[in-house]
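Trainee: Give me the fold of what follows.
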Amino acid sequence: MLTGCAMNGGFMLGKDYYLGAKYIRDPLGEEKGYDKDPLIRTDAFDCTTYVETVLADGDVNNLNLIRYKNGEIDFLNRNHFIETDWLQNNSSRVVNASEKYGKTHTRRVTIDKRAWLKKIHKIDADFTPETVSVKYIPYKNLEQIDNDKMLVVLFISANSKSVETVGTELAVTHMGFLMPGGRTLRHASSAAGHVVDAEFMNYAKRRWQMGEMGVALLEIK
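Mentor: Sure, this is the predicted structure:
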């Protein structure tokens with residue numbers, strides 16, 4: 001469990017938010033069946049499980065409700081895609097508030113979960129491709145954010161090569177937290193190898209230089 005907690009947006013947050021915990025890709029699973037990784041761990045994260053675990057305040061029951069549709073623990077029921085599964089099934093917890101923080105554009109993306117499951121996991125399942133729109137602030141429109149509460153930040157990419165590599169389009173390529181005041185991004189970084197703080201605008205500029213599109217800012221209910 002987290003220690004040194006303070007209220008923010010209706011849930012409890014740890015004082016250090018697991019700062020320094022190591023980065024491991026896909027550290028969580030269902031403990032049985034296809035993915036036998038644990039339901040929860042607080043010593044290691046990838047970018048998504050880091051955001052989910054902090055939002056859950058380190059509680060496994062809360063975490064399962066965030067990670068799975070209706071909290072039903074099953075690999076096929078997991079919120080694998082931020083653009084569709086995660087945002088839709090966590091609409092009671094977060095809302096895309098990008099328009100409050102800058103001039104937005106819309107990224108339309110088609111998620112083909114069936115093709116992804118077959119290409120990456122060799123699983124044949126009956127899912128229909130789903131097209132959704134995600135509002136985001138293009139990097140050229142992004143200015144210093146002055147948020148009084150912590151926000152979830154999604155980094156948006158065109159990711160034109162993702163169909164070839166993973167079987168589906170993708171829009172969200174990374175996520176973390178924009179800390180109050182808008183200057184600090186706290187995230188599980190594969191490059192650093194652990195949970196780190198980064199200067200948000202500098203980090204965003206680097207991703208823009210890499211050819212990415214912008215950020216979506218989610219308020220925590």
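Trainee: The lengthiest strand in the chain pairs with which strands, parallel or anti?
Mentor: Longest strand of the chain, by residue count under DSSP state E: strand 130-138. Sheet pairing for strand 130-138, assigned by DSSP bridges, gives strand 105-111 (antiparallel), strand 214-220 (antiparallel).
Trainee: For that strand, which outside residues touch it?
Mentor: Strand 130-138 has contacts (C-beta atoms under 8 Å, 6 or more residues apart in numbering) with 83-84, 87, 96, 98-99, 101-111, 113, 154, 156, 171-172, 213-217. Any C-beta I mention is one placed from the backbone N, CA and C, and that applies to glycine too.
Trainee: From those residues, keep the buried residues only.
Mentor: 83-84, 87, 96, 98, 101-102, 104, 107, 109, 111, 113, 154, 156, 171-172, 213-217 (16 or more other C-beta atoms under 10 Å).
Trainee: Please, where are all the strands along this structure?
Mentor: Remark: strands assigned in the chain by DSSP E are 6-8, 11-13, 22-23, 44-45, 94-96, 105-111, 130-138, 151-156, 172-178, 184-189, 194-199, 214-220.
Trainee: So which of the ones you listed is the most surrounded?
Mentor: For these, the largest average neighbour count (mean count of other C-beta atoms under 10 Å) is found in strand 151-156, namely a mean of 25.
Trainee: pLDDT of stretch 124-134, averaged?
Mentor: Mean pLDDT, computed over stretch 124-134, is 97.
Trainee: then that stretch to PDB, C-alphas only?
Mentor: Only the C-alpha atoms of stretch 124-134 are listed here, as PDB (Å, rounded to 0.1, in the frame of the first residue of the first chain):
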ATOM      1  CA  ASP A 124      -8.400 -16.400 -32.400                       C
ATOM      2  CA  ALA A 125     -11.200 -14.400 -30.800                       C
ATOM      3  CA  ASP A 126     -14.300 -12.800 -32.200                       C
ATOM      4  CA  PHE A 127     -13.800  -9.000 -31.900                       C
ATOM      5  CA  THR A 128     -15.000  -6.400 -34.400                       C
ATOM      6  CA  PRO A 129     -12.700  -3.500 -35.300                       C
ATOM      7  CA  GLU A 130     -13.700  -0.400 -33.500                       C
ATOM      8  CA  THR A 131     -13.200   3.200 -34.700                       C
ATOM      9  CA  VAL A 132     -13.000   6.000 -32.100                       C
ATOM     10  CA  SER A 133     -12.000   9.600 -31.900                       C
ATOM     11  CA  VAL A 134      -9.600  11.000 -29.300                       C
END
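Trainee: Any stretches of the protein with poor pLDDT?
Mentor: 1-15 (pLDDT under 70).
Trainee: 80 - rerun?
Mentor: Low-confidence segments of the chain, defined by pLDDT under 80: 1-16, 159-160.
Trainee: how close does the most far-flung residue of the chain relative to its centre get to residue 176?
Mentor: Most distant from the centre of the chain: residue 124, at 25.4 Å, with distances by C-alpha atoms, centre = their mean. As judged by C-beta to C-beta, to the nearest Å, residue 124 and residue 176 stand 34 Å apart.
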